[in-house]
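A.B. asks: Would you be able to build a 3D model of this:
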Amino acid sequence: MVALSMLYMPFDEIDLSVPYASPPLPTYFADLNKQIDMVEEDIQNNHAETVMVAHNPDERAITAQKVALIRAIEGGFQLGDTDDEIRTNVIKLAGSGVAYITVAHLFFRQVATDVPAVPFLADAVYDFICP
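C.D. replies: I've put the predicted structure just below:
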């Protein structure tokens, strides 16, 4: 069995300390890594008998009869601001077992364009708030 560990720092994406559509801050990647460590620690300390974090394709959760937890990231804004920073951070994440990254997410942060996707906001309201 496989489950995805959806890694996402909502208050970094919404970051009210910077103007709307500001580029990502370097602290977002550090926050993401803290979340990765927290999930890893929780699995090791509380669920090790039934779940394992899959760090690479060679780990065999099936033969261990455990759920394979695969890392996935929601929002490319957490990867950095410059091409070099993003490249370096993606290499680190791949080495830690991140399987995929949703680049565009809920709010434009100069990484990828997005579309209105906040369920409780009409598209016109979203477009007004998030031009």
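A.B. asks: Please enumerate the strands of this protein.
C.D. replies: 2-7, 51-53, 67-74, 98-102 (DSSP state E).
A.B. asks: Any chance of TSV for the ones you listed, columns mean pLDDT?
C.D. replies: Formatted as TSV, the strands of the chain follow (pLDDT from 0 to 100):
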stretch	mean pLDDT
strand 2-7	92
strand 51-53	92
strand 67-74	93
strand 98-102	92
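A.B. asks: which one of the ones you listed lies closest to residue 22?
C.D. replies: Judged by C-beta to C-beta, the one of those that comes nearest to residue 22 is strand 67-74, at 18.7 Å. (Glycine included, C-beta is placed from N, CA and C.)
A.B. asks: Which parts of this protein are helices?
C.D. replies: For the chain, the helices defined by DSSP state H cover 10-14, 27-46, 83-95, 123-129.
A.B. asks: Mind putting those into a markdown table with mean neighbour count, distance to residue 105 and mean pLDDT?
C.D. replies: Shown next, in a markdown table, are the helices of the chain (neighbours: other C-beta atoms under 10 Å; distance: least, C-beta to C-beta, whole Å; pLDDT from 0 to 100):
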| stretch | mean neighbour count | distance to residue 105 | mean pLDDT |
| --- | --- | --- | --- |
| helix 10-14 | 14 | 6 | 92 |
| helix 27-46 | 15 | 12 | 96 |
| helix 83-95 | 13 | 15 | 94 |
| helix 123-129 | 12 | 13 | 84 |
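A.B. asks: hmm, back to that, as CSV, the strands of the chain with distance to residue 88 would be great.
C.D. replies: Formatted as CSV, the strands of the chain follow (distance: least, C-beta to C-beta, whole Å):
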stretch, distance to residue 88
strand 2-7, 18
strand 51-53, 22
strand 67-74, 15
strand 98-102, 14
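A.B. asks: Could you point out which of these sits nearest residue 13?
C.D. replies: If we rank these by C-beta to C-beta, the stretch that ends up nearest is strand 67-74, at 8.7 Å.
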